[in-house]
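>>> Here is a sequence with its predicted model. Questions after.
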Amino acid sequence: MMSFDPPELHRGQLFVFEGIDRCGKSTQCENLKSSLEGVGRTVVLYSFPNRETAIGSVIDKYLKKEIDLPDQAIHLLFTANRWETMKDIQKMLLNGVTVIMDRYAYSGICYSVAKGTLSLLWCKAPDRGIIKPDCIFFLDLSPLKANRRAGYGEERYEVIEFQEKVRDQFLKIKDSSWKVINADKPTDDIAAEIYDHAVRVNNRKMKKLWIDDLYNTCDLCSKP
Ligand SMILES: Nc1ncnc2c1ncn2[C@@H]1O[C@H](COP(=O)(O)OP(=O)(O)O)[C@@H](O)[C@H]1O
Ligand SMILES: Cc1cn([C@H]2C[C@H](O)[C@@H](COP(=O)(O)OP(=O)(O)O)O2)c(=O)[nH]c1=O
């Protein structure tokens with residue numbers, strides 16, 4: 001039978017994983033990718049920050065404490081690092097590819113706001129208009145337990161007290177659309193819970209993040 005659905009409704013879905021450092025995001029991104037590939041989907045995984053780009057290399061130096069930057073400047077670089085990939089991601093989604101993101105704009109605002117120098121409103125503004133995820137998995141784990149897993153390295157934010165503040169921010173900004181996962185469980189149990197939820201996420205019109213529904217069409221170049 002002929003379908004009259006707009007092509008957007010046959011697009012791939014955008015799944016986002018969020019949480020503090022070491023909560024298990026990368027592990028679960030890979031698990032979901034292979035499970036979805038196992039049922040025939042084409043899946044691409046992105047991680048933010050993407051340290052491979054010119055902007056990403058500055059972020060990498062900042063995280064490794066090789067350079068210092070004002071809080072505003074590094075925040076805007078993390079955002080620019082997402083914007084520089086957005087057209088590619090939009091194209092993939094419209095071509096039916098499922099996209100999984102290891103961190104997204106929610107990390108952007110929670111890590112910056114946790115510093116105590118920037119407001120939530122200020123931090124949200126530059127990410128306004130990037131593609132809205134179809135599903136956000138928040139892997140919730142206490143920083144103490146995360147630290148016990150593999151131990152933090154030397155990077156800038158890998159400090160338990162700071163991670164507590166980041167987690168508090170995540171808990172503050174999450175809404176009922178987020179799927180909160182208790183990340184203090186065996187990896188396979190978490191993977192099963194995520195997969196069960198992921199396959200039940202419905203396809204909708206592609207939208208922009210943090211823009212009123214009334215004006216929301218996902219042409220990345222058009223206003224508002
Ligand atoms: N559910 C889990 N239970 C115990 N250890 C885990 C679990 N998930 C991941 N790990 C381990 O914790 C460490 C951090 O996991 P990773 O997926 O890299 O986290 P993130 O991407 O959030 O930093 C790794 O050594 C990983 O093998
Ligand atoms: C994407 C993003 C990450 N971050 C932080 C979170 C991490 O501490 C750090 C590096 O991210 P990442 O490489 O994902 O760290 P991990 O694998 O330990 O979770 O950058 C921001 O501060 N803002 C952002 O927009």
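Cool, got the structure. Ligands and ions are numbered 1, 2, ... in the order given.
>>> Are stretch 197-217 and ligand 2 in contact anywhere?
No: no part of stretch 197-217 sits near ligand 2 under the criterion CB under 6 Å from any ligand atom; the closest distance found is 13.1 Å. In short, each C-beta sits where N, CA and C put it, glycine included.
>>> Now do the lowest-mean-pLDDT helix or strand in the chain: which elements does it pack against?
Taking all helices and strands of the chain together, the one with the lowest average confidence (mean pLDDT, DSSP states H and E) is helix 143-150, at a mean of 92. In terms of contact count using 3 or more CB pairs under 8 Å, 6 or more residues apart in numbering; DSSP states H and E, helix 143-150 is assigned the packing partners helix 160-173.
>>> one step back: for the least confident helix or strand of the chain, which outside residues touch it?
When contacts are defined by CB atoms under 8 Å, 6 or more residues apart in numbering, helix 143-150 is touched by residues 20-24, 160, 163-164, 167, 184.
>>> Intersect those with the contacts of ligand 1.
21-24.
>>> Most neighbours among those residues, please name it.
The member of those that has the most neighbours, counting by other CB atoms under 10 Å, is residue 23 with 26 neighbours.
>>> check which helix or strand covers that residue.
When elements are assigned from DSSP states H and E, residue 23 belongs to no helix and no strand.
>>> Residue 163 is in contact with that one, correct?
No: counting by CB atoms under 8 Å, no contact exists between residue 23 and residue 163, whose distance comes to 9.4 Å.
>>> mean confidence for the longest helix anywhere in the chain?
As far as residue count goes, and with DSSP state H defining each element, the longest helix of the chain is helix 71-94. The average pLDDT within helix 71-94 is 98.
>>> List of residues touching whatever helix or strand comes next after that helix?
Toward the C-terminal end, the helix or strand that comes next after helix 71-94 (DSSP H and E) is strand 98-102. Applying CB under 8 Å, 6+ apart, the contact partners of strand 98-102 are 12-17, 25-26, 29, 32-33, 36, 41-48, 89, 92-93, 133.
>>> need the helices for the chain, in chain order.
The residue ranges that make up the helices of the chain, judged by DSSP H, are 25-38, 54-63, 71-94, 105-113, 120-124, 143-150, 160-173, 187-198.
>>> relative orientation of the longest one and helix 54-63 in degrees?
Going back to what we said before, that points to helix 71-94. Note on geometry: by axes from the mean of the first three to the mean of the last three CA atoms, to 10 degrees, helix 71-94 and helix 54-63 are set 140 degrees apart in direction.
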